[in-house]
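J.: Need the 3D shape of this:
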Amino acid sequence: MPVINRIADYTPDMTAWRRHLHTIPELMFECHQTAAFVVARLREFGITEIHEGIATTGIVAMIEGQGDGPTIGLRADMDALPMQEETGLPYASTVDGMMHACGHDGHTTMLLGAARYLAETRNFKGRVALIFQPAEENGGGGEVMVKEGILDTFDIKEVYALHNAPGVEVGHFYTNPGPIMAAADSFDIHITGKGGHGAMPHATVDPIMAAVGIANAIQTIVSRNNYSQDNLVVSITQIHTGSADNIVPEKAYMNGTVRTFDRAVQGMVLARLEAIVAGQAAAYGVEAHMDYHVGYPATINDAGRTEFAAQVAREIAGDAGVNANAGPEMGAEDFAYLLEERPGAYLFVGNGDTAGLHHPAYDFDDEAAAAGASFFAKLIERALPL
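T.: Numbers count the residues shown, from 1 in each chain. Okay, the predicted model is just below:
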């Protein structure tokens with residue numbers, strides 16, 4: 001894995017940074033300790049233009065190159081997940097019920113490593129905007145930073161980001177031109193019937209049967225309403241109702257997720273959900289209503305920037321270590337908001353044979369940090385050559 005030699009020299013420091021960040025996970029916009037740590041490191045690197053407090057705890061730091069040129073944004077997310085860590089590691093989370101189970105501690109470290117190198121060498125024209133973002137997991141920190149004007153304020157022309165990938169060899173990369181991550185919506189369905197004795201169902205209006213009917217009908221959206229070549233997931237993920245074996249409950253609650261890449265497909269799903277809920281409610285004699293929540297949009301890579309980024313990745317991982325046409329995934333990512341406004345690319349870097357993302361035994365592989373930092377640094381040097 002031919003990472004930049006100088007960045008390889010940072011490995012002990014990067015490992016220490018990452019493991020410290022792993023001990024202090026923070027949620028959503030409240031990444032105060034993480035942001036303070038990032039700012040302290042940036043100042044150590046000699047970076048003087050540091051803008052704090054964007055989207056509460058977000059940071060944009062600027063590195064000036066040698067001569068005039070455009071500004072390219074590099075983004076890392078900082079927030080953790082509300083789950084209990086089960087790794088047993090000496091640097092495990094010290095915060096009960098919070099854990100870096102998606103590797104954002106590693107993403108922050110990769111960008112810090114690139115920042116240190118770029119601030120040392122400045123072997124590029126123009127400027128680099130280092131974007132440290134809170135609230136990727138929930139809250140849409142990327143959208144908030146865009147709405148607070150970072151792209152215009154700092155005249156950012158292109159944007160790039162990395163995410164680690166368990167199950168992929170450390171230091172290998174993959175991406176996709178066009179759609180790479182799906183839009184993520186959710187819905188809540190509230191059903192009200194008439195409760196009563198479980199031995200006298202004729203005197204009740206059973207919300208459980210209505211919930212089952214709605215759940216079954218929803219499955220036909222993918223199988224019968226969607227063109228088979230259009231990627232779509234509609235999943236029921238929660239049904240809550242009842243309290244005892246001899247009681248027909250009064251109410252039932254359902255929840256689910258919708259993953260799409262196309263706004264027309266998204267609109268079709270919403271229309272079908274509304275029709276199914278209304279129709280099944282009438283059929284079972286219950287009252288039902290649905291709340292639909294539009295979430296992160298699809299993450300759409302610019303084709304030209306994706307090919308450029310893949311070529312940069314090949315300099316690190318070789319031709320065999322880069323898959324530039326990996327196809328889209330049904331997960332979601334709020335980097336989508338930045339890509340809606342500026343061309344750029346989102347890539348994955350291998351994390352090795354580790355537990356999966358959002359798993360209580362997950363840990364970022366520290367060997368991946370040098371590959372990610374080298375990718376960011378090489379990308380800037382290739383995009384903004386002297």
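
J.: Now do the contacts for residue 105.
T.: If you count contacts by C-beta atoms under 8 Å, 6 or more residues apart in numbering, residue 105 has them with 18, 21, 22, 25, 80, 364. Backbone N, C-alpha and C define where each C-beta goes, glycine included.

J.: Surely the third one is within a strand?
T.: No. Assessed by DSSP: H, G, I helix; E, B strand; the rest coil, residue 22 does not belong to a strand; its assignment is helix.

J.: For it, give its distance to residue 8.
T.: Counting by C-beta to C-beta, to the nearest Å, the separation of residue 22 from residue 8 is 21 Å.

J.: Can you pick out the residue with more neighbours from those two?
T.: residue 22 (25 against 16; other C-beta atoms under 10 Å).

J.: Who are the contact partners of that one?
T.: Going by C-beta under 8 Å, 6+ apart, residue 22 touches 89, 91, 92, 93, 100, 105, 363, 364.

J.: In helices, which of these appear?
T.: Counted as lying in helices by DSSP state H, out of those, are residue 105.

J.: Could you identify the buried members of the contacts of residue 22?
T.: 91, 92, 93, 100, 105, 363, 364 (16 or more other C-beta atoms under 10 Å).

J.: quick one: which of these is nearest to residue 319?
T.: Closest approach between the buried ones among the contacts of residue 22 and residue 319, by C-beta to C-beta: residue 364, at 25.9 Å.

J.: For residue 353, see how far away the closest one is.
T.: Per C-beta to C-beta, residue 364 is found 13 Å from residue 353.

J.: And the strand or helix carrying residue 349, what does it pack against?
T.: For residue 349, the host element (DSSP states H and E) is strand 344-352. For strand 344-352, the packing partners by 3 or more C-beta pairs under 8 Å, 6 or more residues apart in numbering; DSSP states H and E come out as strand 156-166, strand 173-174, strand 299-301, helix 303-317, helix 367-383.

J.: could you redo these as TSV and give each row mean neighbour count, distance to residue 32 and mean pLDDT?
T.: Putting the helices and strands packed on strand 344-352 into TSV (neighbours: other C-beta atoms under 10 Å; distance: least, C-beta to C-beta, whole Å; pLDDT from 0 to 100) gives the following:
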stretch	mean neighbour count	distance to residue 32	mean pLDDT
strand 156-166	24	22	98
strand 173-174	24	32	98
strand 299-301	25	27	97
helix 303-317	20	32	97
helix 367-383	25	23	97
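
J.: Export these to a markdown table and append columns for distance to residue 180.
T.: Converted to a markdown table, the helices and strands packed on strand 344-352 look like this (distance: least, C-beta to C-beta, whole Å):
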| stretch | distance to residue 180 |
| --- | --- |
| strand 156-166 | 10 |
| strand 173-174 | 9 |
| strand 299-301 | 5 |
| helix 303-317 | 8 |
| helix 367-383 | 16 |
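
J.: Just tell me which of the ones you listed ends up closest to residue 281.
T.: Closest to residue 281 of the helices and strands packed on strand 344-352 is strand 299-301 (C-beta to C-beta; 35.2 Å).

J.: Pull the distance from the closest one to the chain's centre.
T.: On the basis of C-alpha atoms, centre = their mean, to the nearest Å, strand 299-301 sits 12 Å off its chain's mean C-alpha point.

J.: Each with direction, which strands does it pair with?
T.: Strand 299-301 pairs in its sheet with strand 178-181 (antiparallel), by DSSP bridges.

J.: which of the residues in the partner strand are buried?
T.: Residues 179, 180, 181 are the ones in strand 178-181 that count as buried (16+ other C-beta under 10 Å).

J.: any weak-confidence spans in the stretch 1-150 of the chain?
T.: Residue ranges of the stretch 1-150 of the chain with pLDDT under 70: 1.

J.: got a list of what the closest residue to residue 310 other than its chain neighbours touches?
T.: Distance criterion C-beta to C-beta, 6 or more residues apart in numbering; nearest residue to residue 310, sequence neighbours excluded, is residue 324 at 3.8 Å. For residue 324, the contacting residues are 174, 175, 176, 177, 306, 307, 310, by C-beta under 8 Å, 6+ apart.

J.: Taking those, tell me the two that lie furthest apart.
T.: Largest separation among the contacts of residue 324 by C-beta to C-beta: 174 and 307, giving 13.4 Å.

J.: what's the burial count for residue 111?
T.: Neighbour tally, residue 111, other C-beta under 10 Å: 26.

J.: how close does it sit to residue 284?
T.: In this view, residue 111 and residue 284 are 53 Å apart by C-beta to C-beta.

J.: likewise residue 300?
T.: In this view, residue 300 and residue 284 are 40 Å apart by C-beta to C-beta.

J.: returning to what we had before: what strands line up against the strand holding residue 349, and which way round?
T.: With DSSP bridges as the test, strand 344-352 is paired with strand 156-166 (parallel), strand 173-174 (antiparallel).

J.: chain center to that strand: distance?
T.: For strand 344-352, the distance to the chain centre is 12 Å (C-alpha atoms, centre = their mean).

J.: What mean pLDDT does that strand get?
T.: Strand 344-352 shows a mean pLDDT of 98.

J.: Same check on stretch 176-196?
T.: Mean predicted confidence for stretch 176-196 is 97.

J.: For that stretch, measure first residue to last.
T.: 54 Å (C-alpha to C-alpha, to the nearest Å).

J.: residue boundaries of the helices in the stretch 201-350 of the chain?
T.: 207-220, 263-284, 303-317, 336-341 (DSSP state H, counting those that start in this stretch).

J.: The residue nearest to residue 310 and residue 348: what is the separation?
T.: Going from residue 324 to residue 348 by C-beta to C-beta gives 11 Å.
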